[in-house]
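In: Below: sequence and its predicted model.
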Amino acid sequence: MLPASVVTIPRTELPMETIIGVLSYKKTRERKIEEKEVAKTEQPEKSGLAPRATVSEELSSTTMNNGKDSSGESTSSKERKRRKERDREERESERKERDSQQKEERRSKDKDEDEQDSDAEIVKVFDGNSSMRRKVFRTITVNRNAATKEVVEAALRSFYIKDDPGNYYITEALESEERPLDVFTPISALLTETSRESPSLFLRYRDKDPNKGFIKVYPGNLKSSQGYKSIPVSSDTTVDDVLEYALRKFGLGTTTKSKYNLIEVTMDNRVTERVLTHSEKPWRIMQQIRKESIHQMLKTRFYLQEKEDPHGSSIALFIGNLPQNLSQRQYHGILMGFIGESNPFVSIGPIYYEYGSVVVNYDNNEAAVKAFNCLKVSLYDERSLLVMLLPNIQAQLLADDRELTPLLVFVNVKSGGCQGMELIASFRKLLNPYQVFDLGNGGPLPGLYVFRNVPKYRILICGGDGTVGWVLQCLDNVGQDSVCQAPPCAVVPLGTGNDLARVLRWGTGYTGDEEPMGVLRDVIEADEIRLDRWTVVFHPDEKQEGEVKAVAACQILSNSAAEDNSSMFVMNNYLGIGLDADLALDFHNAREENPDKFNSRLHNKRMYVKMGLRKMVKSRSGKSGARHDLHREIELEVDGKIVELPAVEGIIILNILSWGAGCNPWGPERDDVFSKPTHWDGMLEVVGVTGVVHLGQMQSGLRSGIRIAQGGHIRIKMKSELAVHVDGEPWNQSSGTVTILRSALRATMLKKRKIKLPLPPIAGHDAEKDQNKEA
């Protein structure tokens, strides 16, 4: 994984989703009982401690106090509006949670009253003063004669706290006061004959010594292989004392104390942080937090942070959804029209012309945030611009560890069974979250830009064959500007067919049963292997100029030359003409019309079979529209020699020996005419299909295709319009010439090993605390 010390992010007031394009899939992360932290906008309590200010919505813990006062609260009107909106949303959420809890309590109470002989009692548990004020509690069911230890254990379970029950105690929770309870039977002592209310308890932390203890201090982004350090503190210990002790424990020397801050970070559904003043007293802070919320206490940490922003003065903004193939001057003019001449960027570039995306750089945080806010609400051709702040990897720090090979993870949440959301969450917990990118936000380009200076890394692509092609295509375009031009790629198969993943032994399809940690280990063990790639050029006849109907170039590389109207594509897996492509086109059109119905890998396969059967019935009635004389409609030339075609309805040109979700059309049989094919031999295999029944037999493993030819240069003359597909992306192609040449754009892939080797634990994942620290 990427060590935290080599990744820097801009210290701005913007939330994390602006930095790596985190999409919030809150509806899929239902947690019944987990509380939501409320932004602390109240006045300091009697202890005189400053309130904590919400800085980001998700996991970011490296923002700073730009435009804020010493308490950490923003002074800008926009920030205050955002806070008010967040507070309003949280209050509404808490109200709904209280209503739900009260309903559950009434149902349980009614059930208990029906069972007169039952000794069970429902008890409300508050984890601190904050939850009492907000009326947010957990309910436990215990025997009314239960001992204190039993009640404490039940309360800890309700808050998902795994800790020694001896560190906690309970008291009676009242609106105006807090009273100790009977040590032996606390619940029965609370019950009265006249009360119909459920008894209420406070869960409190038991300090061994209220005047002294230990706090954990983490190195944060500092380059340290050590985890946290336990620092002894007392009621009089200041932040200045903690800094001096912690720096000495981490081996950084106390003479550099003036270069560091101590920050308080609370990590939950959102991240709350503030810089502590040097006179504040951490032990009193922890005591106050414990009194307010046990849950918050367990989520609060102290981090060392350099005062000087390690990210540097250059801040990169990635901007997408712009028109394609404009000049640099045109892109510059469009962006300045949105941003305004008063806030110009320092530089523009790189520019990804084929994708309508650019990167612009600013030299200060305030200007970058201002530009971000302007662009985020801007439209071009009625499309919202995609804008992200990008993190920076300090590649020079990676050079010290030559054994370290970071992993760049791309996840397509829309592929196949739509399992990508779970994978994103899992990989961001196991790895540094800044090395996991959602392809729904800007595609592969932001991640490849962030890793452009890393000398050696691997890529894990979570998606179908089309997603793999998409990433390889982007590597083709940006690789020459990167230090590592051809990083090896592994695959987590999320698509329907997953033919390339099958060839590379990554499986037939991700089911969700595989442990993400196991996937990461497989990537570490995997062997590098070369994949031939092929350039496919479609040149229409002159009389049909302008009628080339090509699929959108989101997943296939497409360059058109205005002079001859040719279209060029890159093929990784296979190309089909005729029957096979016709079926793929029917499936593609059906999915485009009803995308919501094609969200299951099994359902997709069923639909494909259903369309095949429908095509077979129509074929027998003569209404299918399929060409039974395809051999008369095309001419095949392989390595300069004309090849006579048998009577077929379709041909398939193979680069890999997997097609149609695992079928091998070439077949396993050996003969003396053709050599044994591989996906790195510089040869393509041509097979024929006689009809829908033959297709079904091939996919069932009963028959192979008709072997026609094998060679490294293929030319096909199409005499009429025919269905065509490249790597599963279909369209109707007008008459013309198709030329297939071996491309100079080769790819390095990772092939999963059959025998797993024993591996040490992945660095940085020895404990849950390390995962959270990296986050």
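Out: Perfect, I can see it now.
In: and His679, what is it in contact with?
Out: Val503, Leu531, Asp532, Asn655, Ile656, Leu657 (CB atoms under 8 Å, 6 or more residues apart in numbering). Any C-beta I mention is one placed from the backbone N, CA and C, and that applies to glycine too.
In: Find the nearest non-adjacent residue to it, please.
Out: Nearest non-adjacent residue to His679, counting by CB to CB, 6 or more residues apart in numbering: Ile656, 4.7 Å away.
In: Model confidence score at the one you found, please.
Out: For Ile656, the pLDDT comes out at 91.
In: again with Ala775
Out: 33.
In: among the contacts of His679, who's most crowded?
Out: Compared across those, Asn655 has the highest neighbour count, 26 neighbours, by other CB atoms under 10 Å.
In: Does it touch Asn573 like I think?
Out: Yes - contact criterion CB atoms under 8 Å: Asn655 and Asn573 qualify, at 5.9 Å.
In: Tell me if I'm right that Ala581 and Ala723 touch.
Out: Yes - in this structure Ala581 lies within contact range of Ala723 using CB under 8 Å: 3.9 Å.
In: Need the overlap of contacts for these two.
Out: Counting by CB under 8 Å, 6+ apart, the residues touching both Ala581 and Ala723 are Pro730.
In: ok but Ile424 is inside a helix, no?
Out: Yes - under DSSP: H, G, I helix; E, B strand; the rest coil, Ile424 sits within a helix.
In: and it, what is it in contact with?
Out: Val411, Val413, Val436, Asp438.
In: re the thing from before, settle it for me: which of Ala581 and Ala723 has more neighbours?
Out: More crowded of Ala581 and Ala723, by other CB under 10 Å: Ala581, with 26 against 23.
In: which phi and psi does the more buried one have?
Out: phi -70, psi -30 (degrees, to the nearest 10).
In: try the one 5 residues further on
Out: Torsion angles at Asp586 (phi, psi; degrees, to the nearest 10) stand at phi -60, psi -40.
In: Please report the distance of it from Val687.
Out: For Asp586, the distance to Val687 equals 21 Å [CB to CB, to the nearest Å].
In: neighbour-wise, which of those two wins?
Out: Val687 (25 against 18).
In: partner residues bridging the more buried one?
Out: With DSSP bridges as the criterion, Val687 is bridged to Ile652, Arg707.
In: was I right about it contacting Ile708?
Out: Yes - using CB under 8 Å, Val687 is in contact with Ile708, at 6.2 Å.
In: For Phe410, grab the count of nearby residues.
Out: Phe410, neighbours per other CB under 10 Å, totals 25.
In: Poorly predicted segments of the stretch 201-350 of the chain, please.
Out: 221-226, 254-255, 267-272, 309-313 (pLDDT under 70).
In: Now do the contacts for the residue nearest to Val537 when sequence neighbours are not counted.
Out: Spatially, and ignoring its direct neighbours in sequence, Val537 is nearest to Thr739 (4.6 Å; CB to CB, 6+ apart). Residues near Thr739 by CB under 8 Å, 6+ apart: Val536, Val537, His539, Ile714, Arg715, Ile716.
In: Confirm Thr739 sits in a strand?
Out: Yes - counting by three-state DSSP, Thr739 is part of a strand.
In: heads up, I number from 34, so please use that
Out: Sounds good: first residue 34 from here, last item Thr772.
In: Quick check: beta-bridge partners of it?
Out: Val570, Arg748.
In: Return the per-residue confidence for Thr438.
Out: 87.
In: coming back round to it: from Leu669, how far off is the residue nearest to Val570?
Out: Distance from Thr772 to Leu669, by CB to CB: 12 Å.
In: ditto for Ala187
Out: Taking CB to CB, one finds Ala187 at 75 Å from Leu669.
In: and if you look at Pro315?
Out: Distance from Pro315 to Leu669, by CB to CB: 77 Å.
In: hmm, back to that, out of the contacts of His712, list just those in strands.
Out: Leu564 (DSSP state E).
In: Can I get the contacts of His712 in a markdown table including distance to Asp160?
Out: As requested, the contacts of His712 are arranged in a markdown table below (distance: CB to CB, whole Å):
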| residue | distance to Asp160 |
| --- | --- |
| Val536 | 53 |
| Leu564 | 55 |
| Asp565 | 61 |
| Asn688 | 60 |
| Ile689 | 56 |
| Leu690 | 59 |
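In: Gln730: which of the contacts of His712 is nearest?
Out: Leu690 (17.3 Å; CB to CB).
In: Could I get the phi/psi values of that closest one?
Out: Given degrees, to the nearest 10, the pair of backbone angles that Leu690 has is phi -90, psi 50.
In: Chain neighbours aside, what residue packs nearest to it?
Out: Asn697 (5.0 Å).
In: Can you report how many residues lie near the one you found?
Out: Neighbours of Asn697 (other CB under 10 Å): 21.
In: just checking, it touches Ser691?
Out: Yes - counting by CB under 8 Å, Ser691 is a contact partner of Asn697 at 6.5 Å.
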